[in-house]
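Visitor: I need the structure of the sequence given here:
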Amino acid sequence: VQLVESGGGLVQPGGSLRLSCAASGFTFSSSAMSWARQVPGKGLEWVSGIYSDGSRYYADTVKGRFTISRDNAKNTVYLQMNSLKPEDTAVYYCATAGDLLDEYGYWGQGTQVTVSS
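Guide: Numbers count the residues shown, from 1 in each chain. Below you'll find the model as predicted:
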């Protein structure tokens, strides 16, 4: 199993970024996928998840600003992040998920998102 995130970077407050997570080594279309983030010295925060049927869920902290999607033909899950705030600064990870979206399985290496002026 391999999960490779990309798309992180430095963005000003109010800006947008789109993260991608390319998956391989398992049946992607059948798997729930989640995004989580971590700030150094703080715990892991679940951000968003999407089930194989396309149903999507979000943490209250990002609801209305972030959109998760998946492309099963490309074995890729995305996280579109709009109206970014400094408190969104973190390392973002994609992960496979189980029956619960914070029931993590395999992880990617993470991608840094920094929101700063």
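
Visitor: and the lowest-mean-pLDDT helix or strand in the chain, what other elements does it pack with?
Guide: Across the helices and strands of the chain, mean pLDDT, DSSP states H and E gives its lowest value to strand 104-107, namely a mean of 94. Secondary-structure packing of strand 104-107 (3 or more CB pairs under 8 Å, 6 or more residues apart in numbering; DSSP states H and E): strand 90-97. Heads up, the C-betas are built off the backbone N, CA and C, glycines and all.

Visitor: Quickly run through the sheet partners of the strand it packs on, with directions.
Guide: strand 32-38 (antiparallel), strand 104-107 (antiparallel), strand 111-115 (antiparallel) (DSSP bridges).

Visitor: which stretch in those strands has the least confidence?
Guide: The minimum mean pLDDT among the strands paired with strand 90-97 belongs to strand 104-107 (a mean of 94).

Visitor: bridging residues for Gln80?
Guide: So, taking DSSP bridges as the rule, Gln80 has Arg18, Thr67 as bridge partners.
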